[in-house]
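Asker: okay, here's the prediction I keep looking at, along with the sequence it came from:
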Amino acid sequence: MKSNPVIAINHLYKSFGKLEVLKDFNLKLFEGENLVLMGKSGSGKSVMIKCLVGLMEADKGDIKVLGKDISKLKQNELDELRTKIGFLFQGSALYDSMTVRQNLEFPLRRHSHNTEKKTEELVKEALANVGLPDTIDLMPAELSGGMQRRIALARALILKPKIIIYDEPTTGLDPITAKEIILLMMNIQKKYATSSLIITHDVDCARVISNRMILLLEGKDYAEGNFKDLATSKDPKIKAFFK
């Protein structure tokens, strides 16, 4: 029996003029689950994420995150809720002018009141979690693409979020590094019991990491199930995702 969802999106609609992007889209993410969302480019994945975190207002539907209705939160309440959501951006989005240490300290200084000693401990713990303790004083430009992705993941984790949203976590990485990132994501889920929403085009990533999948097509949650069920579907629209 499943627990209450940590994210519940019900009957979500979003249009831009005559362009209907989301048309009755539904999604539930349960505690401790790795849910993969797959959709073609321009299918509305980014719009859904912006609605989910309150950066964009939906036309219709409701979104609850950790039991709270996004549309009813005041700005300070929304800011507080966002600290419980880690986000791994597609391009890592590290601050180029800051060292690794400063990149990791940034969310701590904005959203917590730790002592310098505690901040240092949290930064070192986050770097140890991603296997890069010796990079603490390096600049992002001195890191490989895979290392940058790991540091970005450390930053996403540093506030101990209950939910992590991964936006194309393996895009632009070579196959070996992509596998390392996937294993790291799985280890983090086990260690911290995080609930993860993973947006990806990478079929191998989806196969390894997903507990459940949703396919976003024509603005709707077109299909839902585990990887094996969807990958062996005879529906041509579903089959197209797994070629």
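Answerer: Sure thing, it's come through. Because the structure is predicted, anything quoted here is derived from the model rather than measured.
Asker: may I see the buried residues of stretch 201-210?
Answerer: Of all the residues in stretch 201-210, those buried under the rule 16 or more other Cβ atoms under 10 Å are Asp202, Cys205, Ala206, Val208, Ile209, Ser210. For every residue, glycine as well, the C-beta is placed using N, CA and C.
Asker: just give the closest residue to the fourth one, not the sequence neighbours.
Answerer: With sequence-adjacent residues excluded and distances taken as Cβ to Cβ, 6 or more residues apart in numbering, Val208 is closest to Ile182, at 5.4 Å.
Asker: state the three-state secondary structure for the spatially most central residue of the chain.
Answerer: Note on the chain: the residue nearest the mean C-alpha position is Ile165, at 1.2 Å, using Cα atoms, centre = their mean. Following DSSP: H, G, I helix; E, B strand; the rest coil, Ile165 is assigned to strand.
Asker: hang on, it packs against Lys84?
Answerer: No: taking Cβ atoms under 8 Å as the definition, Ile165 is not a contact partner of Lys84, at 11.5 Å.
Asker: for these two, list the residues in contact with both.
Answerer: Between them, Ile165 and Lys84 share no contacting residue under Cβ atoms under 8 Å, 6 or more residues apart in numbering.
Asker: what are the ranges of the helices in the chain?
Answerer: Ranges of helices in the chain, per DSSP state H, are 45-52, 75-82, 100-111, 116-129, 145-157, 175-192, 203-209, 227-231, 236-239.
Asker: CA atoms of stretch 32-40 as CSV?
Answerer: Only the C-alpha atoms of stretch 32-40 are listed here, as CSV (Å, rounded to 0.1, in the frame of the first residue of the first chain):
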residue,chain,number,x,y,z
GLY,A,32,11.2,7.2,-1.4
GLU,A,33,10.3,6.7,-5.0
ASN,A,34,12.3,7.3,-8.2
LEU,A,35,9.7,8.5,-10.7
VAL,A,36,10.9,9.0,-14.3
LEU,A,37,9.0,11.5,-16.6
MET,A,38,9.7,11.1,-20.3
GLY,A,39,8.5,13.4,-23.0
LYS,A,40,9.6,14.8,-26.3
